[in-house]
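Participant: could you work out the structure for the sequence below:
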Amino acid sequence: MSTAQGRNRKGLLEKLYERDYSIRGKYLIIASSLDSLVRDIISYHFCPPGQDERRGQFISLILEQHLQKSHSVLNILEKIISMNYSDQLKKYPALFEDLRGISDYTLWLSSAILDTSKSLPDNTELEDVIRLTYYDQSGVLCHREVSQEQIEEKLSDCSNLHFALEDIRSEI
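Facilitator: Below you'll find the predicted structure:
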């Protein structure tokens, strides 16, 4: 490979990484804040206001170290709300279905690999799209394009969930 081709390829790769960062980065940050908010709600249930040191220990020792899987934490929150704050389920009937959907999408999006193969064309006309590679449940290699528009829709879903969780936290 000539030096000019190498520099050109490096420049294209840098653009691709920047595009990936702008498409997935913002979403992953916002989705992780939802997970933190869920953990915060659980901690407030078990450690009421005024017990900040205990609440911090609870989050650190139990929720962060022993319950790292998002679905486990969601199951705990669902039980807490069902048993103690059932009026919130009436207010937000699709809350847990939506949270699990965001959790599954986040897991997929964070574990998929940016396709940087040489066969990828210089698609400068697709500035708002990245192509991700992943293996499905059968072990088959798959490719999927993710656009900025799709991420914006998911971000809107995250915002709606954030406001619902904030409302629930204020009731605990």
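
Participant: quick one: neighbours of Ile62, just the number.
Facilitator: For Ile62, the number of neighbouring residues by other C-beta atoms under 10 Å comes to 15. All C-beta spots, glycine's among them, are computed from the backbone N, C-alpha and C.

Participant: look up the closest residue to Arg55, ignoring the ones flanking it.
Facilitator: Nearest residue to Arg55 in three dimensions, chain neighbours excluded: Cys47, at 3.8 Å (C-beta to C-beta, 6 or more residues apart in numbering).

Participant: phi and psi next, for the one you found.
Facilitator: phi -130, psi 90 (degrees, to the nearest 10).

Participant: ok, now how distant is it from Phe58?
Facilitator: 5 Å (C-beta to C-beta, to the nearest Å).

Participant: distance check, Leu74 against Arg39.
Facilitator: 10 Å.

Participant: pLDDT averaged over the longest helix seen in the chain, what's the number?
Facilitator: Assignment by DSSP state H gives helix 148-171 as the longest helix of the chain. Per-residue pLDDT over helix 148-171 has a mean of 95.

Participant: try stretch 115-133
Facilitator: pLDDT averaged over stretch 115-133 gives 71.

Participant: now do the SS call for the closest residue to Ser111 other than its chain neighbours.
Facilitator: In space, and not counting its chain neighbours, Ser111 is closest to Tyr134: 6.8 Å by C-beta to C-beta, 6+ apart. Here Tyr134 is strand, with the state taken from DSSP: H, G, I helix; E, B strand; the rest coil.

Participant: then the one 4 residues further on?
Facilitator: Under three-state DSSP, Ser138 falls in the coil class.
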